[in-house]
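Novice: what would the 3D arrangement of this be:
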Amino acid sequence: MEMIINMQQFAGLKKVIEKELVNNKILLVSFKSKDYREGLKNLLEFSLNKYKKSCYVTLNDPHESIVRKLNERQLSKMFFIDCVTCSIKTPKQEENVVFVSSPRALTEISIAIKKAIDMGGMESLILDSISAMLVYEQSLNVMKFVHKQVLALREANLICYLIIMREDVSEELMKDLAMFVDKIVEAD
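Specialist: Modelled structure (predicted):
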């Protein structure tokens, strides 16, 4: 049975995530929409401090908006799957980025995630966010996508943080997502 962990501050969330990672690899991290940006910033910081190499799948913002906040050492630890930039402009190819045509291109996103896994050295993946996927796709398609990715990430033995904004999902969808993850962590 999945356990929901409630925290009052993100500092508490970091401690809980650290503890939960001992026995769990796939975490669904749920933020209130008002706390999403700050929570995600802290989760990224946690990931940069904990892992040698992380993959960040961005469906909300171009990767450039994240890169601007990182120093050279942090940037060297990141690989991005940018699902936004191509819908705005023609991107310039970069070494640590795979560009996907659209946030609704689930097959392309799957292929990019597989490429990131196959590169080797990747220890974690942050999928930002399931909420954004739900803007472009029906919940059943998103569920199928999440299930497929979770299976691939388990097989590759990667830590995964699936991000969702609590207000964006029904109780039924949360129950469905709970089937695929090891823990649901709610940041309050």
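Novice: longest helix anywhere in the protein?
Specialist: helix 139-155 (DSSP state H).
Novice: could I get the buried residue list for it?
Specialist: Of the residues in helix 139-155, those with enough neighbours to count as buried (16 or more other Cβ atoms under 10 Å) are 139, 142, 143, 145, 146, 149, 150, 152, 153. (Each C-beta comes from the backbone N, C-alpha and C, glycine too.)
Novice: gap between the last one and residue 173?
Specialist: Remark: distance between residue 153 and residue 173 (Cβ to Cβ, to the nearest Å) = 20 Å.
Novice: quick check: mean pLDDT across the helix or strand following the longest helix of the chain?
Specialist: Taking DSSP states H and E as the definition, the helix or strand that follows helix 139-155 towards the C-terminus is strand 159-165. On average, the pLDDT along strand 159-165 is 96.
Novice: dump the C-alpha coordinates for strand 159-165 into CSV.
Specialist: This file holds the C-alpha atoms of strand 159-165, laid out as CSV (Å, rounded to 0.1, in the frame of the first residue of the first chain):
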residue,chain,number,x,y,z
ILE,A,159,15.7,7.0,-9.1
CYS,A,160,12.7,8.8,-10.5
TYR,A,161,10.7,11.9,-9.3
LEU,A,162,7.4,12.3,-11.0
ILE,A,163,6.1,15.8,-10.3
ILE,A,164,2.4,16.7,-10.1
MET,A,165,0.4,19.6,-8.9
